[in-house]
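[1] This is the structure alone, sequence omitted:
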Ligand SMILES: Nc1nc2c(ncn2[C@@H]2O[C@H](COP(=O)(O)OP(=O)(O)O)[C@@H](O)[C@H]2O)c(=O)[nH]1
Ligand SMILES: [Mg+2]
């Protein structure tokens, strides 16, 4: 990790849990980060950069740093610089992009097979639910199957439908990252449940 990143993580915001927001380019990561920071209030944008942008958000008394990383092929090589010490992975998928969903699967499994990531809590956001796309936007259950979520070695993973455009699905989307909440069965069902607006 670069020196600015190190300072950010280890000095000023030592108690905050790092959430890495990853996924293919144009899946909606930046739009999702903006939605989450808007929804949690008190967002502070600390470090806008070319390869990643860091947001600080507070939720249920816990502080999180949300790292919105670029998803282009070249940028993906940089992701692993941020793996060590990561608490959670927010993996964003474009629900309308059937052509690249197998690429998304490869990328997700490659991230999750890194040993620095073996204990992270994984949240897959199936974004762009507002886009009918000929009526074939993929739903959470289908994505769960296509991505092979049950083959991840992470103990705690969740999947949630959302739309960064109209805001649906963001209520309590960070709940799984609240310590002592991950792994809770009721909590899991809240994520697989299809959310209505806001
Ligand atoms: N219809 C729709 N478009 C979205 C949604 N989220 C993001 N987009 C659009 O998808 C494109 C890529 O979004 P962006 O957040 O930049 O993706 P990133 O490359 O993953 O950071 C932009 O044109 C966004 O306006 C969504 O929920 N619905
Ligand atoms: Mg972006």
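    Perfect, I can see it now. Here the structure is a predicted model, which means the values were calculated and not measured. Ligands and ions are numbered 1, 2, ... in the order given.
[2] Around ligand 2, which positions in the protein sit nearby?
    Residues of the chain lying near ligand 2 by C-beta under 5 Å from the ion: 29, 30. C-beta here means a position set from N, CA and C on the backbone, and glycine is covered the same way.
[3] Go again with 6 Å.
    Taking C-beta under 6 Å from the ion as the contact definition, the chain meets ligand 2 at 29, 30, 70.
[4] Looking at the residue nearest the centre of the chain now. What's its pLDDT?
    Per C-alpha atoms, centre = their mean, the C-alpha nearest to the average position across the chain is that of residue 90, at 1.4 Å. pLDDT recorded at residue 90 is 98.
[5] How about whichever residue of the chain sits closest to ligand 2: what's its closest non-neighbour residue?
    Ligand 2 sits closest to residue 30 of the chain, with a gap of 3.3 Å, by C-beta to the ion. Leaving out its chain neighbours, the residue that sits closest to residue 30 by C-beta to C-beta, 6 or more residues apart in numbering is residue 68, at 5.5 Å.
[6] Now the helix or strand harbouring that neighbour: buried residues?
    Using DSSP states H and E, residue 68 maps to strand 62-69. Within strand 62-69, the residues scored as buried using 16 or more other C-beta atoms under 10 Å are 62, 64, 65, 66, 67, 68, 69.
[7] just checking, what packs against it?
    strand 17-23, helix 29-40, strand 52-59, helix 73-79 (3 or more C-beta pairs under 8 Å, 6 or more residues apart in numbering; DSSP states H and E).
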